[in-house]
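Chemist: okay, sequence plus prediction incoming.
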Amino acid sequence: MIYHAGNIVINIAPDMAAFNKDGARSIMDQINKKPDSVVGFATGGTPVGVYKELAELNKSGRVDFRSVTSFNLDEYYPIKRDNPQSYYRFMAENLFDHVNIQPHKVNIPNGEAADVEEECASYERKIKAAGYLDFQVLGIGSNGHIGFNEPGGKFQGATHLVTLKESTVKDNARFFGDPSDVPRNAITMGIKTIMSAKKILLLATGSVKAKVIKEALFGDITPEVPASVLQLHTNLIALLDTEAAAEIMPILEGLS
Ligand code: F6R
């Protein structure tokens, strides 16, 4: 079911199969429209099924990644590339090893960089040199973060080093054997970098996201809820499952 709330298109998928298909189709449509698209990718639990579907679409010849340039949103710091929890490994396992993207066109912040400030600056320079993002895939943290832009940060930043909030370390501990193994820092595209994308696909699933989705899409625009800045974007699709949409349903039903 599609709703229009101001600038925002909200697509509520009835089940995970539809969620994954619709998410993959949005990315496919972008690449088919502009084969040399610059696409920003997110990691985390939410996009895994979308990427699986996208790999299928690539395998069946419906979308071609040959000319695509990718930039990932973020990476833990410090982290070795071969750490099973690095976003470098995540992207290889969940998408890049399964599609015909050219390795030299894949960009992920380097969690092994000796000079992290220079890594952030050079990552931002590369995004700029590529003409900024045509399309950005986003997840949302239960605390409202996008990328690793945590609550209370700036709305204007470029790629930078952040200290993760305890709530994020706790949320992401599920992927690591031991919470103390979760890196405390990360390199992330800034809000300004993210907002430069011509189109944004925000993905959220599960009841754990219901409250923050309401705050992000219909609450005050405040750095305390970084994702609320997305209300200012002119080309945003929020793809939600019914659980993540639960708290906004009364608002959406009032709109139609
Ligand atoms: C990941 C990222 C994060 C996640 C968010 C949601 O690259 O930037 O903002 O999108 O933490 O994570 P999941 O999907 O695991 O709930």
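Modeler: Yep, that arrived.
Chemist: send the alpha carbons of the strand or helix carrying Q136 over as CSV?
Modeler: Element membership of Q136 [criterion: DSSP states H and E] is strand 135-138. Extracted C-alpha coordinates of strand 135-138, given in CSV (Å, rounded to 0.1, in the frame of the first residue of the first chain):
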residue,chain,number,x,y,z
PHE,A,135,20.6,6.9,-4.9
GLN,A,136,21.1,6.0,-1.3
VAL,A,137,19.9,3.0,0.6
LEU,A,138,19.4,3.7,4.3
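Chemist: and it, which strands flank it?
Modeler: Taking DSSP bridges as the criterion, strand 135-138 pairs within the sheet with strand 38-41 (parallel), strand 199-204 (parallel).
Chemist: now those as JSON lines including distance to Q102 and mean neighbour count?
Modeler: To be clear about C-beta, it is placed using only N, CA and C from the backbone, and glycine gets the same treatment. Listed next are those as JSON lines, based on distance: least, CB to CB, whole Å; neighbours: other CB atoms under 10 Å:
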{"stretch": "strand 38-41", "distance to Q102": "13", "mean neighbour count": "24"}
{"stretch": "strand 199-204", "distance to Q102": "22", "mean neighbour count": "24"}
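Chemist: neighbours around the residue in the stretch 101-250 of the chain that the ligand sits nearest to, how many?
Modeler: Closest to the ligand within the stretch 101-250 of the chain is G139: 2.3 Å, counting by CB to the nearest ligand atom. Other residues near G139 come to 20 when the count uses other CB atoms under 10 Å.
Chemist: next up, the contacts around it.
Modeler: Shown in contact with G139 (CB atoms under 8 Å, 6 or more residues apart in numbering): A42, T43, G44, T46, P47, I146, L202, L203, A204.
Chemist: from the residues you listed, which are also near the ligand?
Modeler: Contacts with the ligand within those, as defined by CB under 6 Å from any ligand atom: A42, T43, G44, T46, I146.
Chemist: wait, the fourth one sits on L201?
Modeler: No: the pair formed by T46 and L201 falls short of the contact definition of CB atoms under 8 Å, at 11.0 Å.
Chemist: which one of the strands paired with strand 135-138 lies closest to G23?
Modeler: Closest to G23 of these, according to CB to CB: strand 199-204, at 5.9 Å.
Chemist: is any residue of the next helix-or-strand element following the closest one near the ligand?
Modeler: With elements assigned by DSSP H and E, the helix or strand that comes after strand 199-204 is helix 210-218. No: between helix 210-218 and the ligand, judged by CB under 6 Å from any ligand atom, nothing touches; the nearest distance is 9.9 Å.
Chemist: residues making contact with helix 210-218?
Modeler: With CB under 8 Å, 6+ apart, helix 210-218 has contacts from 5, 8, 10, 140-144, 204, 225, 227-228, 230-231, 238, 240, 243-248, 251.
Chemist: in strands, which of those residues fall?
Modeler: If you go by DSSP state E, these have A5, I8, I10, A204, A238, L240 in strands.
Chemist: mind giving me JSON lines with the residues you listed and columns for pLDDT?
Modeler: Converted to JSON lines, the ones in strands among the contacts of helix 210-218 look like this (pLDDT from 0 to 100):
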{"residue": "A5", "pLDDT": "94"}
{"residue": "I8", "pLDDT": "96"}
{"residue": "I10", "pLDDT": "98"}
{"residue": "A204", "pLDDT": "98"}
{"residue": "A238", "pLDDT": "98"}
{"residue": "L240", "pLDDT": "98"}
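Chemist: including distance to L57, could the residues you listed go into CSV?
Modeler: Converted to CSV, the ones in strands among the contacts of helix 210-218 look like this (distance: CB to CB, whole Å):
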residue, distance to L57
A5, 28
I8, 25
I10, 23
A204, 22
A238, 21
L240, 21
